[in-house]
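1. fold the following and give me the result.
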Amino acid sequence: MADLPLYSKDGKSAGTVKVDEKLFGDLVRKKLLKQVVLIHEANQREGNAHTKTRGEVEGSTKKLWPQKHTGRARMGTKRSPIWVKGGIVFGPRTREYRMTITDSMRRAALDSALLGKIVDKEVSVIEKLAFEKPKTKVMSGLIKSIGLKRTVLLAVGNKPDPNVWLSSRNLQALSVRPVRELNAYDILKHKDLLLTQEALDALVSARADVKSKAGPEKKAAPEKKAGGEKKK
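-> Numbering: from 1, shown residues only. The predicted model follows:
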């Protein structure tokens with residue numbers, strides 16, 4: 001069991017909360033995390049860069065001057081890449097960088113990212129988060145009182161308070177996500193993870209349900225000796 005620091009809505013220490021880290025897996029799958037991050041970043045690329053080849057630029061295809069007896073180098077069309085406004089050789093072309101990822105990979109990557117944060121002690125829990133009105137100064141003071149000085153990802157319940165969002169949107173080092181939108185990339189991008197109690201309960205209950213549906217692990221059958229037993 002891992003002990004996560006617990007804070008009140010005022011940012012004061014309220015003890016710890018125990019979480020079974022084995023719900024998120026036995027180890028941090030670094031290769032999977034790298035693959036998921038690369039896929040996520042590739043999907044952000046637009047791929048709009050496009051250059052024209054010598055067959056696409058404007059200009060006549062007439063030979064500029066005779067091949068022989070001019071004293072000049074041989075030359076063909078003015079669309080040649082060695083001429084100004086000619087075609088581009090091996091330039092970028094419009095393409096699709098998008099890659100797909102399976103749901104099982106996405107879930108496993110999210111669990112590994114959460115487990116890594118728990119192991120590195122970069123996860124904190126706040127009991128309740130609710131503001132009477134939007135106030136960026138109050139949110140900033142709350143983050144500082146908890147002691148989070150780096151980039152922070154705040155995970156709230158699936159029905160977040162609009163005042164929480166409005167109070168956070170102007171803080172460059174703070175990002176807010178509903179628990180259902182958590183992904184491995186956002187967790188790894190931010191140094192600290194701050195969970196509301198509601199968000200933590202949702203993460204734990206979802207994984208506990210999956211584990212209970214899977215049932216008890218089957219014991220491996222004993223290996224048979226090669227050759228079998230000799231008859232007496």
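2. for the chain, what spans make up the helices?
-> 30-43, 103-119, 136-146, 162-168, 184-189, 197-214 (DSSP state H).
3. check the gap between residue 125 and residue 54 for me.
-> Distance of residue 125 to residue 54, given as Cβ to Cβ, to the nearest Å: 62 Å. (Each C-beta comes from the backbone N, C-alpha and C, glycine too.)
4. so those two - more neighbours on which side?
-> Each of residue 125 and residue 54 has its neighbours counted (other Cβ atoms under 10 Å); residue 125 has more, 21 against 18.
5. partner residues bridging the more buried one?
-> residue 6, residue 195 (DSSP bridges).
6. hang on, the earlier thing: closest to residue 153 out of the helices of the chain?
-> helix 184-189 (5.7 Å; Cβ to Cβ).
7. counting by contacts, list what that closest one packs against.
-> Helix 184-189 sits against helix 30-43, helix 103-119, strand 152-156, with contacts defined as 3 or more Cβ pairs under 8 Å, 6 or more residues apart in numbering; DSSP states H and E.
8. helices or strands next to the shortest one in the packing?
-> Meaning strand 152-156. Counting by 3+ Cβ pairs under 8 Å, 6+ apart, strand 152-156 packs on helix 162-168, strand 174-178, helix 184-189, strand 192-196, helix 197-214.
9. between that strand and helix 103-119, how many degrees?
-> Counting by axes from the mean of the first three to the mean of the last three Cα atoms, to 10 degrees, strand 152-156 lies at 120 degrees to helix 103-119.
10. what angle sits between strand 152-156 and strand 174-178?
-> 30 degrees.
11. hang on, the earlier thing: mind telling me which of the helices of the chain the model trusts least?
-> Least confidently modelled of the helices of the chain is helix 197-214, at a mean of 87 by mean pLDDT.
12. how's the protein carved up into domains?
-> 2-45+101-214, 47-96 (automatic domain parsing).
13. quick one: mean pLDDT over the last one.
-> Domain 47-96 shows a mean pLDDT of 94.
14. right, I'll leave it there.
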